[in-house]
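S.K.: I'd like to go over a predicted model; first the sequence, then the structure.
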Amino acid sequence: MNKSISENFSLTRPVVLIGMMGAGKTSVGRALAELFAVPFFDSDTEIEAAARCSVAQIFADYGEPEFRRMERLVIARLLTSGACVLSLGGGAFMDDQTRERIKKEAFSVWINVDRNILLERVLRRDTRPMLRGGDPQEKLAKILSEREPVYAEADIIVTCDDRPVFHNARQIRDAIQAAPAFQTA
C-alpha cells in the first residue's frame, strides 16, 4: 500500500460510494478509506446501530418508506463527518433529498459492476429484502433498469470486477485523483 497518497493528496470532503447491492461498496470502501487514511462508514451499518435491528427487520416491521426516512437522516449526519469514505445502500442515491445533499456536500462514485457478477454475489446470502418474493434475476434486472440512470448522475463512474478488493480500491482512488474536482492549480 502506498502511504504517500495521504501525503500528496488528501480528501477535503466525504467520498460517497453508490451502486447496486453486491457491487462491493463496503469491502472496497474499507480499502479505499485505508488508502486515503480517512474513516470509513457504511450507511446500512449505521442505520442498524441507530435502530438496534437489521435492515431486513426494519423492512419487515416498518416497510421501505420508514427505512428510507431513517436512511436519509443517517446519511445527512454522516455527511457532516468531514473527509471520509461512505458506502451507501443500493437505493439511497435514489432519494431526491439524499442525492441533492450528496451533490452539495460530497463527491460521489458509482461502482458499476456487471449484472452477472452482481447476481452471483447477491445470491450468496438471503439478506437482501429487495430481492425477496420472486425470481431474483428478474428483480435485479428491474432494479438495475430503474437505478442505473440515476446512478449515472454520480461525479464519476468506475467499472469494477471480480479482481481483489484492493485492486478495485486503487482503481477508484486513481479515478478520484484524476477527477477535475480534485485537480489543484
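M.R.: Happy to help now that I have it.

S.K.: all contacts plus neighbour counts: C-alpha atoms, from now on.
M.R.: OK.

S.K.: for the record, mean pLDDT for stretch 113-122?
M.R.: Computed over stretch 113-122, the mean pLDDT rounds to 79.

S.K.: how about it: buried residues?
M.R.: 113, 115, 118, 119, 122 (16 or more other Cα atoms under 10 Å).

S.K.: what are the contacting residues of it?
M.R.: Applying Cα atoms under 8 Å, 6 or more residues apart in numbering, the external contacts of stretch 113-122 come out as 20-23, 128, 136-137, 140-141, 159-162.

S.K.: of those residues, buried ones?
M.R.: Buried among those (16+ other Cα under 10 Å): 20, 21, 22, 23, 136, 137, 140, 160, 161.

S.K.: now what about stretch 159-169, what contacts it?
M.R.: Taking Cα under 8 Å, 6+ apart as the rule, stretch 159-169 contacts 27, 28, 29, 31, 32, 35, 111, 112, 113, 114, 117.

S.K.: ok, longest strand in this protein?
M.R.: Longest strand in the chain by number of residues (criterion: DSSP state E): strand 107-113.

S.K.: now the angle from the helix or strand following that one to strand 107-113?
M.R.: Following strand 107-113 in sequence order, the next helix or strand is helix 115-122 (DSSP states H and E). Going by axes from the mean of the first three to the mean of the last three Cα atoms, to 10 degrees, helix 115-122 is angled at 90 degrees with respect to strand 107-113.

S.K.: after helix 115-122, which helix or strand is next? Please name it.
M.R.: Where DSSP H and E defines the elements, the next helix or strand beyond helix 115-122 is helix 136-151.

S.K.: pull the CA atoms of that following helix into PDB?
M.R.: Output of helix 136-151 as PDB, limited to C-alpha atoms (Å, rounded to 0.1, in the frame of the first residue of the first chain):
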ATOM      1  CA  PRO A 136     -34.000 -12.700  -8.100                       C
ATOM      2  CA  GLN A 137     -32.600 -12.400 -11.600                       C
ATOM      3  CA  GLU A 138     -35.800 -10.600 -12.800                       C
ATOM      4  CA  LYS A 139     -36.000  -8.400  -9.700                       C
ATOM      5  CA  LEU A 140     -32.300  -7.400 -10.100                       C
ATOM      6  CA  ALA A 141     -32.800  -6.600 -13.800                       C
ATOM      7  CA  LYS A 142     -35.800  -4.400 -12.900                       C
ATOM      8  CA  ILE A 143     -34.000  -2.600 -10.100                       C
ATOM      9  CA  LEU A 144     -31.000  -2.000 -12.400                       C
ATOM     10  CA  SER A 145     -33.100  -0.500 -15.100                       C
ATOM     11  CA  GLU A 146     -34.600   1.900 -12.600                       C
ATOM     12  CA  ARG A 147     -31.400   2.800 -10.800                       C
ATOM     13  CA  GLU A 148     -28.700   3.000 -13.500                       C
ATOM     14  CA  PRO A 149     -29.900   6.300 -15.000                       C
ATOM     15  CA  VAL A 150     -29.900   7.900 -11.500                       C
ATOM     16  CA  TYR A 151     -26.500   6.300 -10.600                       C
END
